[in-house]
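> Fold the following.
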Amino acid sequence: MRAIRFSQTGGPEVLELVEVDMPEPRPGQILVRHQAVGINFIDTYQRSGLYPMKLPSGLGSEAAGVVEAVGDGVTRFKVGDLAAYAGTPGAYADANTVVADRAVKLPAGVDARTAAAALLKGMTVEFLIRRLHRVEAGETILVHAAAGGVGQIMVQWAKALGAVVIATVGSEEKAARVRALGADHVILYREQDVAAAVRQITDGKGVPVAYDSVGKDTFDGTLGSLARRGLFVSFGNASGPPPPVEARRLMLGGSLFFTRPTMGDYQATTEELDASAAALFEMIESGKVSVEIGQTFPLAEARKAHEALESRATIGASLLIP
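Numbers count the residues shown, from 1 in each chain. Next up is the predicted model:
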């Protein structure tokens, strides 16, 4: 089968398409023949060396497709089932073996492309707004990079919960998109002072929670946007890693809270995984959350896909198609 590999860290040019043996599922595993592979910012962090990997390495952690074989002891899936997973390395390939307890079966209303575009991003949103901090009706939240894959899902889900959403984007085109998704206020973060704009929108109070996947470029603006005892949720590095957090600065900002969560800590069990995926699929099937697949690339063009993602030229989710 074909797979993307890299033997040194660096830019998109380090990614290579190679031929490798088709893996066989071990006991407790399934073999998934991919119909679509999700592209996420964490893939670029691993490729660049920001998140170290043992080299040479595969890439990608999210895909969906047909179960082609099952290992001994697997009862959760059968051959022919549609399955998706998020969090298992090696997804940039024609197929991958996955521990059965870390994959989910797709409901009738969710196809493989939608699942590959939404599972990791959507389950990230689920734990961020339902468990890490439970967003309530009438609450005002700040969502950075709102036109991206995670951002679009978060805007829609938060609006379904009755929240007031302040969204930041980098262009007028993206602003129009997030307004169409329901964002109440949109800030062009390259042109406006985010903290000042948030204060103006909230009559000087600030927001009780801010979700920041951008990192370095938005760090100060996010801190300055928080209300007293506000929560800074840092979960990405699109512009580079955020700077160290000085404890005294949190105190002076109004007894603020700062957290850097990972999805794995909120899906430590199969039960948590199933509950998170079920909540996401319910939102998609109900129509409350639509998943925009803004661009697709052939598997062989993984380099091009990374270039587009890192230049922030993408809207919504991006997929590799084997």
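> Tell me if I'm right that residue 234 and residue 214 touch.
No. Using CB atoms under 8 Å, residue 234 is not in contact with residue 214; the gap is 9.3 Å. No exception for glycine: its C-beta is placed from N, CA and C like everyone else's.
> quick one, which of those two is more surrounded?
Using other CB atoms under 10 Å as the criterion, residue 234 and residue 214 rank with residue 214 on top: 25 against 22.
> In which helix or strand does the more buried one reside?
Using DSSP states H and E, residue 214 maps to neither a helix nor a strand.
> Kindly provide the distance from it to residue 312.
10 Å (CB to CB, to the nearest Å).
> Kindly report the same for residue 225.
Distance from residue 225 to residue 312, counting by CB to CB: 21 Å.
> Of those two, which one has the most company?
Neighbours were counted for residue 225 and for residue 312 using other CB under 10 Å; residue 225 has more, 28 against 17.
> Pretty sure the more buried one sits against residue 194.
Yes. Counting by CB under 8 Å, residue 225 touches residue 194, with 6.2 Å between them.
> ok, now which ones touch the residue nearest the centre of the chain?
Most central in the chain under CA atoms, centre = their mean is residue 121, positioned 3.1 Å from the mean C-alpha point. Residues in contact with residue 121, defined by CB atoms under 8 Å, 6 or more residues apart in numbering, are 38, 40, 149, 150, 153, 317.
> any chance of the residues you listed in a markdown table, plus pLDDT and neighbour count?
Below are the contacts of residue 121 laid out as a markdown table (pLDDT from 0 to 100; neighbours: other CB atoms under 10 Å):
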| residue | pLDDT | neighbour count |
| --- | --- | --- |
| 38 | 96 | 29 |
| 40 | 90 | 22 |
| 149 | 87 | 30 |
| 150 | 92 | 25 |
| 153 | 95 | 29 |
| 317 | 85 | 28 |
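> Name the nearest of those residues relative to residue 245.
Nearest to residue 245 among the contacts of residue 121, counting by CB to CB, is residue 150 at 21.5 Å.
> Which secondary structure state is assigned to the closest one?
At residue 150 the chain is in helix, as set by DSSP: H, G, I helix; E, B strand; the rest coil.
> Relative to residue 102, how far out is it?
20 Å.
> again with residue 56
Separation of residue 56 from residue 102 (CB to CB): 23 Å.
> of these two, who's got more company?
For residue 56 versus residue 102, neighbours defined as other CB under 10 Å are more numerous around residue 102 (16 against 11).
> mind checking pLDDT for that one?
For residue 102, the pLDDT comes out at 97.
> what's near enough to touch it?
Contacts of residue 102 (CB under 8 Å, 6+ apart): 85, 87, 88, 270, 273.
> What count of nearby residues applies to the second one?
So the one you mean is residue 87. Residue 87: 20 neighbours (other CB under 10 Å).
> Likewise for the last one?
Neighbours of residue 273 under the rule other CB under 10 Å: 21.
> picking up where we left off before, and the residue nearest to the centre of the chain, how far from residue 33?
For residue 121 relative to residue 33 (CB to CB), the value is 22 Å.
> What of residue 42?
From residue 42 to residue 33 the distance is 23 Å (CB to CB).
> Settle it for me: which of the two has more neighbours?
For residue 42 versus residue 33, the count of surrounding residues by other CB under 10 Å is larger for residue 42: 20 against 17.
> Could you measure from the nearest residue to residue 164 once chain neighbours are set aside over to residue 226?
Beyond its immediate neighbours in the sequence, the residue positioned closest to residue 164 (CB to CB, 6 or more residues apart in numbering) is residue 140, lying 4.2 Å away. Between residue 140 and residue 226 the computed distance is 11 Å (CB to CB).
> what residues are shared contacts of the two?
Joint contacts of residue 140 and residue 226 (CB under 8 Å, 6+ apart) are 207, 208.
> The two: which has the busier surroundings?
Using other CB under 10 Å as the criterion, residue 140 and residue 226 rank with residue 226 on top: 25 against 21.
> which element follows the helix or strand hosting residue 36 toward the C-terminus?
In this structure, residue 36 sits in strand 29-39 according to DSSP H and E. Scanning forward in sequence from strand 29-39 by DSSP H and E, the next helix or strand is helix 41-48.
> just checking, what packs against that next one?
Other helices and strands packing on helix 41-48, by 3 or more CB pairs under 8 Å, 6 or more residues apart in numbering; DSSP states H and E, are helix 302-310.
> buried sites along the helix it packs on?
Of the residues in helix 302-310, 302, 303, 305, 306, 308, 309, 310 count as buried by neighbour count, 16 or more other CB atoms under 10 Å.
> how far is the strand holding residue 36 from where the chain is centred?
Averaging C-alpha positions (CA atoms, centre = their mean, to the nearest Å) puts strand 29-39 17 Å from its chain's average.
> Right, I'll leave it there.
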